[in-house]
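Undergrad: Quick one, structure for this:
(2 chains)
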Amino acid sequence: MNYSIKKDKNCLLVAIFGEIDISITDSLREDIDRALDNYGSGQLVFDLGGVDFIDSSGLGVILGRYKKVAGKGGKVFLAGAKPQVKKVLELSGLFNLMEEYSTAAEVIDKIS
Amino acid sequence: MNKAVIEFSSRAENVSFARVAVAAFVSQLDFTLSELEELKVAVSEAVTNAIVHGYGNDPEQIVRLEIRVAENYLEIETIDTGRGIDDIAKALEPAYSTDPERMGLGFAFMQSFMDKLDVISEQGRGTRVKMVRKVRAPGRAAVREH
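TA: Numbering: from 1, shown residues only, chains lettered A, B, ... in the order given. As a prediction, this is how the structure comes out:
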């Protein structure tokens, strides 16, 4: 499994490992959406600390989830991005929409 | 010029193979790790476009990757024989996407991370995406041009 999705305090924590490209985006998208429907959390945290690579298909999943969560008044946080991943996130402009933290634990402490 | 040609099935799991193959072949040039990461993003975008847009996710098609390495630059050409692009100028606009779940940043990343991008496409015949990247700080020479 390249990712784990769990409820942590009052947020949904999605931790992803390895590389995010179209080989995992369909299942990642479906699993996050199912968890959002089940838990109904308004706060979604992406823990990217284990991610070594991301391209625009991965960013599309993050943006799509942002639209879904923000559309219901919730927030999405990005945590732990390594430099190479951060560069792609910066170029995409996603940091303008979502707050960035150095670790997922830091986000969860702050919002819970 | 040193050249490698790879053909592989248009399957999502082969996008990572394409990235690794390019990174391995260009290791003879003095790219930094950070530059290699940028190249991998550009390759990923080009190959993903071929699979998703060129072939409409049909896994039975073939994507061809031509990698050419000269002394101080690299050329990567991604070739599909799929449906082609209706309007190349529009496809090259940042944030243009035919799919709401995608960001439309594929070509923007290719342009950002490479020095030159050429797209040749014909409807119903396929698309060729040629990307060139110079070696910023030439160190040891890789392959002498003859």
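Undergrad: switch to C-alpha atoms for all contacts and neighbour counts from now on
TA: Will do.
Undergrad: close to chain B, is the longest helix seen in chain A?
TA: Counting by DSSP state H, the longest helix found in chain A is helix A:22-39. Yes: for helix A:22-39, a contact with chain B is found by Cα under 8 Å from any Cα of the partner chain, at A:Ile22, A:Ser23.
Undergrad: In that helix, which residues are buried?
TA: Applying a neighbour-count criterion of 16 or more other Cα atoms under 10 Å in any protein chain shown, one finds A:Ile22, A:Ser23, A:Ile24, A:Thr25, A:Leu28, A:Arg29, A:Asp31, A:Ile32, A:Asp33, A:Ala35, A:Leu36 buried in helix A:22-39.
Undergrad: and if you look at stretch A:12-23?
TA: Buried-residue list, stretch A:12-23, by 16+ other Cα under 10 Å: A:Leu12, A:Leu13, A:Val14, A:Ala15, A:Ile16, A:Phe17, A:Glu19, A:Ile20, A:Asp21, A:Ile22, A:Ser23.
Undergrad: Tell me the bridge partners for the residue nearest to the spatial centre of chain A.
TA: Most central in chain A under Cα atoms, centre = their mean is A:Phe46, positioned 2.7 Å from the mean C-alpha point. Bridge pairing for A:Phe46 (DSSP bridges) gives the partners A:Val14, A:Leu78.
Undergrad: Got the confidence number for it?
TA: Note on A:Phe46: pLDDT of 98.
Undergrad: do B:Ser97 as well
TA: Looking at B:Ser97, its pLDDT is 67.
Undergrad: what do you get for B:Glu93?
TA: According to the prediction, B:Glu93 has pLDDT 83.
Undergrad: That one: helix or strand, and which one exactly?
TA: Counting by DSSP states H and E, there is no helix or strand that carries B:Glu93.
Undergrad: roughly how far apart are it and A:Gly58?
TA: Computed as Cα to Cα, to the nearest Å, the B:Glu93 to A:Gly58 distance reads 19 Å.
Undergrad: So which residues of the chain form helices?
TA: Unless you meant another one, I'm taking chain A. Under DSSP H, chain A gives helices at A:22-39, A:56-71, A:83-92, A:104-111.
Undergrad: The intended chain is chain B.
TA: Residue ranges of the helices in chain B, as given by DSSP H, are B:14-25, B:33-49, B:88-91, B:106-113.
Undergrad: A:Leu89: which of the ones you listed is closest?
TA: helix B:106-113 (11.0 Å; Cα to Cα).
Undergrad: Can you pull out the low-pLDDT segments for chain A?
TA: Scanning chain A for pLDDT under 70 picks out A:1.
Undergrad: what residues does it put near chain B?
TA: So chain A meets chain B at A:21-23, A:53-57, A:59-61, A:63-64, A:84, A:92 (Cα under 8 Å from any Cα).
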